[in-house]
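J.: A structural model of the following input is requested.
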Amino acid sequence: MGDVVSLTAVLACAWFAGAALYINLVEHPARLSCGTELAARQWAPSYKRATVMQASLAVAATLAGAVRWLQTGRPAWLCGAIAIFAVVPVTLVVIFPTNKRLLEPGRDPGSPETGRLLESWGRLHAIRSILSVVACILYAWAAIH
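T.: You can find the predicted model right below:
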């Protein structure tokens with residue numbers, strides 16, 4: 001049973017980290033290279049789809065890591081669970097205000113302000129990428145030790 005929980009924690013966290021890194025290193029830069037208006041139009045549906053996937057993975061990785069910590073008492077599981085869970089408050093408190101502004105009805109998708117918001121969003125999203133990579137490393141370390 002412990003192996004299944006460990007595998008769930010590691011895989012869910014790794015999928016989250018992989019998706020987050022892909023967004024920061026590939027998707028968002030490519031989106032921005034197309035110009036502000038097109039970037040803004042593509043960002044909204046991408047954001048909505050990624051939200052469902054990443055929220056599910058963050059919850060699964062957090063719960064599995066916490067369960068594994070309760071089973072083993074190893075601090076790396078708890079630290080990993082805290083790191084991957086931290087993406088939730090970061091998203092809601094730090095990133096969500098930018099998301100809300102980008103999704104405002106009537107927003108001019110080609111405006112300089114929209115461009116600044118998209119640039120800022122990419123930097124803020126990097127926090128999620130970093131937290132998830134840290135969690136993934138902690139989980140992988142805990143799983144092999």
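J.: longest helix of the protein?
T.: When the chain is parsed with DSSP state H, its longest helix is helix 36-72.
J.: Pull the distance from it to the chain's centre.
T.: Centroid separation for helix 36-72 versus its chain: 5 Å, with Cα atoms, centre = their mean, to the nearest Å.
J.: how about the strands in this structure?
T.: With DSSP state E, there are no strands along the chain.
J.: how about the helices in it?
T.: Here the chain has its helices, by DSSP H, at 2-22, 28-33, 36-72, 75-85, 87-89, 96-102, 112-144.
J.: Would you mind finding the most buried of those helices?
T.: For those, average neighbour numbers computed from mean count of other Cβ atoms under 10 Å are highest in helix 75-85, which has a mean of 22. No exception for glycine: its C-beta is placed from N, CA and C like everyone else's.
J.: Which neighbouring elements make contact with it?
T.: helix 2-22, helix 36-72, helix 112-144 (3 or more Cβ pairs under 8 Å, 6 or more residues apart in numbering; DSSP states H and E).
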